[in-house]
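Asks: Sequence first, then the predicted structure, then my questions.
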Amino acid sequence: DVQGTYAITWNFDDGNGNDINVVQNVVVEDLTDPSIMCQSSLTLISDEGQDYYTVQGSELDATAIDNCAIASISNNVNESSSLIGEVFTIGTYNIIWSVEDEAGRVNSCSTSLTITENVGIEDIRDANIQVYPNPAKDLVKVKWILLNNDVLNVTLVDMSGRVISSEEWSVIKSQDERTMNISHLSSGTYFLLIRSENIDRNIKLIKTDE
């Protein structure tokens, strides 16, 4: 039963025609907070050619469960139960989700969201970094021309920001390239995040099965 006070009537009979009714008051109280789950941190790439990211579906939404019914769930961005279609410009955000059950008990969780720039091909060329072929099926090459020795942190992420792989490449000043095997990936859109002291590039990579 839901929380509240319930009167239970007990009847006792001694078998000799004598009986009595006794009322017992039972108090049911909800002492359990609802559970709420959201992603602790997430990095997403801005929409192509734009300085913002448009939330797709329920990818940022929190989920909640409780031993009784959920009364409400909301966030501090739009005060609603979902972020579907919400637009975030490039930057970092602290999204706080709150849940309340029918008993008035509350709980919360938060997501640290970072929106990074989707760099176009012109910027990639300026940085002397190229990725080809693109789209690619099995193998993709990362080519660079560097004037100084450097250490490149190369991270492959999917559209949700989930890290697929992360490598550290120590390179010397020169023109060179490395080959990455992407044959195990499902077809779709990915991003290569290439970072060093002098380079900060996000390169869109299309994986095909043909």
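Replies: Arrived safely.
Asks: drop to CA atoms for contacts and neighbour counts, all remaining ones
Replies: Will do.
Asks: hang on, I129 packs against I145?
Replies: Yes. Counting by CA atoms under 8 Å, I145 is a contact partner of I129 at 6.8 Å.
Asks: tell me, how many neighbours does the closest residue to D200 other than its chain neighbours end up with?
Replies: In space, and not counting its chain neighbours, D200 is closest to I194: 5.9 Å by CA to CA, 6 or more residues apart in numbering. Using other CA atoms under 10 Å, I194 has 19 other residues around it.
Asks: element containing I194, please.
Replies: Assessed by DSSP states H and E, I194 sits inside strand 188-195.
Asks: List the buried residues of the following helix or strand past that strand.
Replies: Using DSSP H and E, the helix or strand that follows strand 188-195 in sequence is strand 200-207. Within strand 200-207, the residues scored as buried using 16 or more other CA atoms under 10 Å are R201, N202, I203, K204, L205, K207.
Asks: same thing with stretch 58-76?
Replies: So, applying 16+ other CA under 10 Å, buried residues of stretch 58-76: L60, D61, A62, A64, D66, C68, I70, I73, S74, N75.
Asks: residue contacts, the residue nearest to D200?
Replies: Going by CA atoms under 8 Å, 6 or more residues apart in numbering, I194 touches L152, N153, V154, T155, D200, R201, N202, I203.
Asks: cool, and I96?
Replies: Taking CA under 8 Å, 6+ apart, we find I96 in contact with N75, N76, S108, C109, S110, T111.
Asks: if you skip the residues just before and after it, what's nearest to the last one?
Replies: On the basis of CA to CA, 6+ apart, the spatially nearest residue to T111 that is not a chain neighbour turns out to be S40, at 4.6 Å.
Asks: Same question for N76.
Replies: Spatial nearest neighbour of N76, excluding adjacent residues (CA to CA, 6+ apart): I96 at 5.6 Å.
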